[in-house]
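Undergrad: sharing a sequence plus its predicted fold:
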Amino acid sequence: MGLLDILNTLSGTSGDPRARPAPNQGTGQATSQGMSPMAKALLALLAIYAMKNMRRADSAPSQPAGRPGDVSAGLPGGGSSGGGLGDLLRGTLGGVLGGAAAGTVLNGGLGGLLKQFQQSGQGDVAHSWIGTGPNKQISEGELASALGTDTLDTLSKQTGMGREDLLSGLSQHLPRFVDQLTPDGRLPNDDEAQRMV
């Protein structure tokens, strides 16, 4: 199953998640282009942790990356004229991460996110999302604690969603998102992740 398919099943739409209107930041009104705010949040979350994972591995970007932590360059409505999912993972974000392959970005982001959950005491919850059994739920408070204020502020800025809506959506969709990205009960390798994109 591809990443777009996964995002479609999470949003309950049969079409492209980019076709759903995103709120216009500051007004709360929907714009006619861009992907759903929750799809943006899920992708931005992976992008944030992919960048953190790459930094930890001491992989310095080979191209100028702009402001550290700014994942808006590849997000629809965030500075890229293309704005598609492939553009996010292969294009601008790949450039930010030093030309890493899209599968490496996806895999590194997922691995970094799960490591963050382990470090925050939510490792058993996150592992249930990867495993083949039922997914454990995570409360909005536990999620906020696990992700931290900086990450939530970045996600809120990128999606135009308020913190409460963001946490509510992530606590509902993140377990299934991770579960569907790990269909074999383990993190995909870079080649498997590449095929998802």
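TA: Good, I have the coordinates. Numbers count the residues shown, from 1 in each chain.

Undergrad: what are the buried residues along the helix or strand that contains residue 153?
TA: Residue 153 belongs to helix 149-159 when assigned by DSSP states H and E. For helix 149-159, burial by neighbour count (16 or more other CB atoms under 10 Å) applies to 151, 152, 154, 155, 156, 158, 159. Backbone N, C-alpha and C define where each C-beta goes, glycine included.

Undergrad: and for stretch 118-135?
TA: Buried, per 16+ other CB under 10 Å, within stretch 118-135: 120, 122, 125, 126, 127, 128, 129, 130, 135.

Undergrad: right, and the helix or strand after the lowest-mean-pLDDT helix or strand in the chain?
TA: Lowest by mean pLDDT, DSSP states H and E among the helices and strands of the chain is helix 93-96, with a mean of 46. Helices and strands here follow DSSP H and E; after helix 93-96, the next one along the chain is helix 102-119.

Undergrad: what residues of that next one count as buried?
TA: Buried residues in helix 102-119, counted by 16+ other CB under 10 Å: 102-117.

Undergrad: which one of those residues is nearest to residue 3?
TA: residue 106 (7.2 Å; CB to CB).

Undergrad: I'd say the closest one and residue 47 touch.
TA: No - counting by CB atoms under 8 Å, residue 106 stays clear of residue 47, with 9.5 Å between them.

Undergrad: and residue 145, how many neighbours?
TA: When neighbours are defined as other CB atoms under 10 Å, residue 145 has 14 of them.

Undergrad: tell me which helix or strand it sits in.
TA: Counting by DSSP H and E, residue 145 is part of helix 140-147.

Undergrad: which strands or helices does that helix pack on?
TA: Here helix 140-147 touches helix 102-119, helix 163-181, going by 3 or more CB pairs under 8 Å, 6 or more residues apart in numbering; DSSP states H and E.

Undergrad: one more time with 7 Å, if that's ok
TA: On a contact count with 3 or more CB pairs under 7 Å, 6 or more residues apart in numbering; DSSP states H and E, helix 140-147 meets helix 163-181.

Undergrad: can you give me the buried ones in the helix it packs on?
TA: Neighbour-count burial for helix 163-181, counted by 16+ other CB under 10 Å, picks out 165-167, 169-171, 173-175, 177-181.

Undergrad: dump those into JSON lines; add pLDDT as well.
TA: Formatted as JSON lines, these follow (pLDDT from 0 to 100):
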{"residue": "165", "pLDDT": "96"}
{"residue": "166", "pLDDT": "96"}
{"residue": "167", "pLDDT": "97"}
{"residue": "169", "pLDDT": "96"}
{"residue": "170", "pLDDT": "96"}
{"residue": "171", "pLDDT": "96"}
{"residue": "173", "pLDDT": "95"}
{"residue": "174", "pLDDT": "96"}
{"residue": "175", "pLDDT": "95"}
{"residue": "177", "pLDDT": "93"}
{"residue": "178", "pLDDT": "93"}
{"residue": "179", "pLDDT": "92"}
{"residue": "180", "pLDDT": "90"}
{"residue": "181", "pLDDT": "90"}
